[in-house]
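Peer 1: after the sequence you'll find the predicted model.
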Amino acid sequence: MATSTSLGRTHEIDVPGGRIRYHDTGEGPPVVFIHGLLVNADLWRKVVPRIVAAGYRCLAPDLPLGAHEIPVPAADLTPTGVADLIAAFLERLDLRDVTLIANDTGGAITQILLTRDRSRIGRVVLASVDNYERFLPPPLTVLPWLARIPGSVRPLTESMRWRALHRLPIAFGLVAKRPVPPEIADSYLLPSRRSAAIRKDLRRLLLTLNKRYTLEAARSFGEIEIPVLVVWAAQDKFFPVAGAERLVRDFPNATLRLIDDSYTFLPEDQPELLSGTILEFTRLHATP
C-alpha cells in the first residue's frame, strides 16, 4: 500500500470482488486520483498537499494494479472491470461532482470509465496517459505476452530487487526523469515480490491489457461533454504529444497544456506545475 503520510488517513472499503485501501485528507469538493500499472497512491504524494491547501478533499485509492497489498482474487481485473471498480468506489463513498485525475495506465481506465458511468464525475484531468493504440505503449507491449507464460511474473518482479535496474526502461527509466526515491520504489515493487496472491492479480490484469479497450472507448468521446484537461509531458517517452492532441480533438470540451522537463510521471517530476495546472482547471470549471 501507499506509505506517504501526506496522503492522509488510510481506510478500507468493499468494492466488487474484494476490498481496497484508500487515502483521504482535506475538506471541500472531492478530487480523486487514479494511478497506473505497478504503482500506487504514493505517486500523488507531492500533489495531494497542494490540492488540499487550496480547499479540496483528496482521495487516492490503491487500485489492484500490481502495487496493492490486499489481494482481490474475485475481482474483475479487465480494464472494464477496473473502471467499474472505480465507479463503485465513487458510489459507495457517495462522492459527487468529482474531479478525476489520472496518470499513465490509470488514464486508459479513466477513458473507459467515462464511456460506462460518468454520473458522479464533474471534470477530468488526463495527465500523460495511455491512449488509442498505445495501451500498453512500447516496449511494455511485451508484458501481456510474458504473462501468458506460467510463472513468468515472479522472475520479472524479482529482478526489480536490484536498485541499479530501476533506471532502466523495464522499470522507471522511461517514466520518471529523476530517480524515484528508494522508499517509494519499495512501496511500488515490494507487494508483487512478497505475495504470490498479488502476482496472480497482476498476471490476470496483464493478460487483458489491450488497445481494443481504448480504441472502443474512443468511439464515444464525442458524446462526453464534461470538461477535460489533457496535461502532457512535452518530452514524454511513452506517449507522444500527438496522442494528447488527438484526445483534445475528440473530446468536445477539452484543452491541452504541456509541461516541460518531465516524463510520464508528471506527479513525480513536476508536482508543482501539475498541481497549479489542476487548480487553474478546477477553478475555471467549478460548479456554481
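Peer 2: Alright, I've got the coordinates. Since the model is a prediction, treat every value here as computed from it, not as a measurement. Numbering: from 1, shown residues only.
Peer 1: low-confidence ranges, the chain, go.
Peer 2: By pLDDT under 70, the low-scoring segments of the chain are 1-2, 155, 158-171.
Peer 1: switch the cut-off to 90
Peer 2: Applying pLDDT under 90 to the chain flags the ranges 1-4, 139-140, 142-143, 145-174, 178-179, 287-288.
Peer 1: now the spatially most central residue of it. Nearest residue, chain neighbours left out?
Peer 2: Centroid-nearest residue in the chain, with C-alpha atoms, centre = their mean: residue 35, separated by 2.2 Å. Counting by C-beta to C-beta, 6 or more residues apart in numbering, residue 35 lies nearest to residue 43, which is 4.6 Å off, once chain neighbours are set aside. To be clear about C-beta, it is placed using only N, CA and C from the backbone, and glycine gets the same treatment.
Peer 1: what's the burial count for the one you found?
Peer 2: Residue 43 has 29 neighbouring residues, counting by other C-beta atoms under 10 Å.
Peer 1: identify the residues contacting the residue nearest to the centre of the chain.
Peer 2: Contact partners of residue 35, counting by C-beta atoms under 8 Å, 6 or more residues apart in numbering, are 41, 43-44, 60, 63, 65, 103-104, 106.
Peer 1: between the residues you listed, which is closest to residue 156?
Peer 2: Using C-beta to C-beta, the shortest approach to residue 156 within the contacts of residue 35 belongs to residue 65, at 14.9 Å.
Peer 1: how about the contacts made by the closest one?
Peer 2: 35-40, 82, 105-106, 202, 205.
Peer 1: quick one on the thing from earlier: so which of the contacts of residue 35 belong to strands?
Peer 2: 60, 103-104 (DSSP state E).
Peer 1: show me where the stretch 151-288 of the chain has helices.
Peer 2: Assigned helices in the stretch 151-288 of the chain, in chain order: 153-159, 182-194, 196-206, 211-218, 241-250, 266-269, 271-284 (criterion: DSSP state H, counting those that start in this stretch).
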